[in-house]
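> Please find the sequence and the predicted model below.
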Amino acid sequence: MTTPVNVTVTGAAGQIGYALLFRIASGALLGPDVPVKLRLLEIPQAVKAAEGTAMELDDCAFPLLKGIDIFDTPEAGFDGANIGLLVGARPRTKGMERSDLLAANGGIFGPQGKAINDKAADDIRVLVVGNPANTNAYIAAASAPDVPAERFTAMMRLDHNRAISQLATKLDADVTDIKKMTVWGNHSADQHPDVSFAEVAGKPALDLVDESWIADYFVPTVAKRGAAIIEARGASSAASAANAAIDHVYDWINGTPEGDWVTPGIPSDGSYGVPEGLVFGFPAVAEGGEWKIVQGLELSETTKAGIQRNVDALVAERDEIKAMGIL
Ligand code: NAI
């Protein structure tokens, strides 16, 4: 039998965890022939709830699921991990300043990055879902000096999928007809969803929609979709976030389809003027387990401004965590 892949999921007892674990165990994360072992990492108060989820996973008798272990320290949770899905984070509560949020999450993602550095398998690949995802991924990467920084990524795929869905709905097209969507930047309301390079059944999207729809409807609808879901559902996106995490990792490992690209949040190599190291949403393809930023795109002034807005926001977060002594 193939050796099972160790997948560590933090925040396993949370909403996204509940939507994610069953799909990982069913084979959706890595493929239908790849056995997995789940390592659930939670805070001590939530271990009992994680045990309940583990009981349900057992009850599914998934053929590919070769074990479930539950931990409450990052060192144990990431021991031998091949894939880390960092979902658990400190949410912003009423009256909390942004600096408090960054400090609280620095206290989570710093130690988790260090544990990954010290304990994870050599081929570890990390997707940070917990918000602020881009900066949390930056903190984790900076706390793991022995792991190549490009193994730390942040989830922009939900924004990417939302953008595809909005364009498909507008044009009454099938989602599979839409290629080369991009969401530049940060997983926040600052993000810059961009149809400039998108194709719809082989035709340029820019020939099919007008600029006012893009500026007045598409961009704000995609960027504020998370808030609209909270408003409607009374809880934040969970199943769609879990689905996006599956899409991100599946493509990273198995490669993106020929003639298309997707949006991961990945450390910048300086492309498109984004300072090196910032974890940023870029158009990218995956090949051989590595993300490569799509090069040579001619950016409009609007896209350049959208990128700059996101650079400014992420540089401010980076400088704030450095000033607080988190890194
Ligand atoms: P939730 O509150 O239902 O679950 C979070 C879980 O994380 C809880 O069970 C909690 O005990 C656990 N946790 C907290 N600190 C932990 C730590 N240090 N180690 C291990 N576990 C820890 O939240 P939900 O809905 O599952 O969302 C999780 C995160 O994902 C949030 O930060 C949310 O903002 C973010 N998110 C990100 C999206 C993206 O596109 N990047 C989309 C949707 C949500």
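Good, I have the coordinates.

> can you pull the contacts of Val315?
Pro275, Leu278 (CB atoms under 8 Å, 6 or more residues apart in numbering). To be clear about C-beta, it is placed using only N, CA and C from the backbone, and glycine gets the same treatment.

> leaving aside the residues next to it on the chain, what's closest to Phe71?
Distance criterion CB to CB, 6 or more residues apart in numbering; nearest residue to Phe71, sequence neighbours excluded, is Gly77 at 4.0 Å.

> near the ligand at all, stretch 271-285?
No. For stretch 271-285, no contact with the ligand is found by CB under 6 Å from any ligand atom; the gap never falls below 10.3 Å.

> tell me the domain ranges of the protein?
Domains of the chain are assigned by automatic domain parsing as 5-154, 157-316.

> Just give me how far the last one sits from the chain centre.
Just to be clear, that refers to domain 157-316. 12 Å (CA atoms, centre = their mean, to the nearest Å).

> and that domain, average pLDDT?
When pLDDT is averaged over domain 157-316, the result is 98.

> what's the neighbour count on the residue in the chain that the ligand sits nearest to?
Nearest residue of the chain to the ligand (CB to the nearest ligand atom) works out as Gly14 at 1.9 Å. Neighbour count of Gly14, defined by other CB atoms under 10 Å: 23.

> same question, Ala238
17.

> Check whether it really touches Tyr18, as I assumed.
Yes. Ala238 is within contact range of Tyr18, at 7.3 Å (criterion: CB atoms under 8 Å).

> What values do phi and psi take at the residue of the chain closest to the ligand?
Main-chain dihedrals, Gly14, degrees, to the nearest 10: phi -90, psi -180.

> ok, now Leu41?
Recorded main-chain torsions at Leu41 are phi -110, psi 130, according to degrees, to the nearest 10.

> contacting residues for it?
Thr8, Val9, Thr10, Gly11, Ala12, Ile70, Phe71, Asp72, Pro74, Gly77, Phe78, Gly88.

> ok, now how distant is it from Gly17?
10 Å (CB to CB, to the nearest Å).

> Could you tell me which residues touch both of the two?
In terms of CB under 8 Å, 6+ apart, Leu41 and Gly17 are both contacted by the residues Val9, Gly11, Gly88.

> Pull the contacting residues for Ile266.
With contact taken as CB under 8 Å, 6+ apart, Ile266 is in contact with Glu150, Thr153, Ala154, Val279, Phe280, Phe282, Ala284, Trp291, Ile293.

> Pull out the buried residues from those residues.
Among the contacts of Ile266, those classed as buried by 16 or more other CB atoms under 10 Å are Thr153, Ala154, Val279, Phe280, Phe282, Ala284, Trp291, Ile293.

> Appreciated, that's everything.
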